[in-house]
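Asker: have a look at this prediction, sequence included:
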Amino acid sequence: MTFRTVGLTTLVLAASIEGSAGQMNAEQEAIKVVVTARVQSFEAAERARDAEGLVAHYASVPEFHFYHDGRRATYDVMAEGVRKAFPAVRSLNVTYADVEVLGLDSEYAIASATFNREIVMEGTGATVRQQGAVSWLWRKMGAQWLIVQGHISHPLDAAK
């Protein structure tokens with residue numbers, strides 16, 4: 001092999017690697033856009049107290065689990081909890097901020113955010129304020145991105 005052939009092979013290999021990196025960056029950016037939109041959709045469903053809309057963001061799969069202040073919940077527990085809690089809520093104002101999304105590959109992405117939530121309970125009018133952090137592992141399942149794992153932590157203020 002001549003020096004020229006080695007040089008040409010190196011250039012072709014470098015161009016190939018650079019092209020792959022460009023494709024990966026474009027794919028990661030596309031995933032970031034789509035998953036960020038799903039986080040916004042999740043926030044809108046929560047704010048609207050749309051239990052079915054919120055639950056629709058969760059993947060109904062055996063590996064689903066969500067840690068809520070250290071307590072592990074399955075899909076069924078989370079879905080039932082949302083469906084039971086929302087009718088008792090008069091208003092719910094939530095904002096997710098500092099949203100960061102990282103595409104791990106074409107099928108998985110991780111997202112994290114901070115949040116502020118104010119809940120006014122039906123009947124008593126008691127207000128609960130929460131702030132904390134949340135992270136979600138999103139998985140592309142068919143045509144949509146769904147949460148397969150998550151973690152939320154926040155101190156609870158006493159109802160006032």
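Answerer: Nice, thanks for sending it over.

Asker: need the helices for this protein, in chain order.
Answerer: Under the criterion DSSP state H, the chain carries helices at the ranges 3-47, 51-55, 75-85.

Asker: give me the residues contacting the second one.
Answerer: Defining contact as CB atoms under 8 Å, 6 or more residues apart in numbering, one finds that helix 51-55 is touched by 41-42, 44-46, 78-79, 82-83, 86. To be clear about C-beta, it is placed using only N, CA and C from the backbone, and glycine gets the same treatment.

Asker: again with stretch 137-149
Answerer: Residues from elsewhere that reach stretch 137-149 (CB under 8 Å, 6+ apart): 34-35, 38, 42, 57-59, 61, 63-66, 106-111, 136, 150.

Asker: buried residues, it. List them.
Answerer: Residues of stretch 137-149 classed as buried: 137-140, 145-149 (neighbour count, 16 or more other CB atoms under 10 Å).

Asker: give the contact list for the spatially most central residue of the chain.
Answerer: The residue lying closest to the centre of the chain (CA atoms, centre = their mean) is W136, at 4.0 Å. Going by CB under 8 Å, 6+ apart, W136 touches 39, 110-112, 147, 149-150.

Asker: could you rerun that using 7 Å?
Answerer: Going by CB atoms under 7 Å, 6 or more residues apart in numbering, W136 touches 111, 147, 150.

Asker: beta partners for it?
Answerer: A111, G150 (DSSP bridges).

Asker: show me where pLDDT drops low in this protein?
Answerer: Flagging of the chain using pLDDT under 70 yields the residue ranges 1-24, 156-160.

Asker: can we see that at 90?
Answerer: 1-27, 68-70, 123, 154-160 (pLDDT under 90).

Asker: is the closest residue to H151 other than its chain neighbours in a bridge, and if so with what?
Answerer: Among residues not flanking H151 along the chain, Y67 sits closest, at 4.4 Å (CB to CB, 6 or more residues apart in numbering). Beta-bridge partners of Y67, counted by DSSP bridges, are R72, H151.

Asker: Y67 and G81, how far apart?
Answerer: 13 Å (CB to CB, to the nearest Å).
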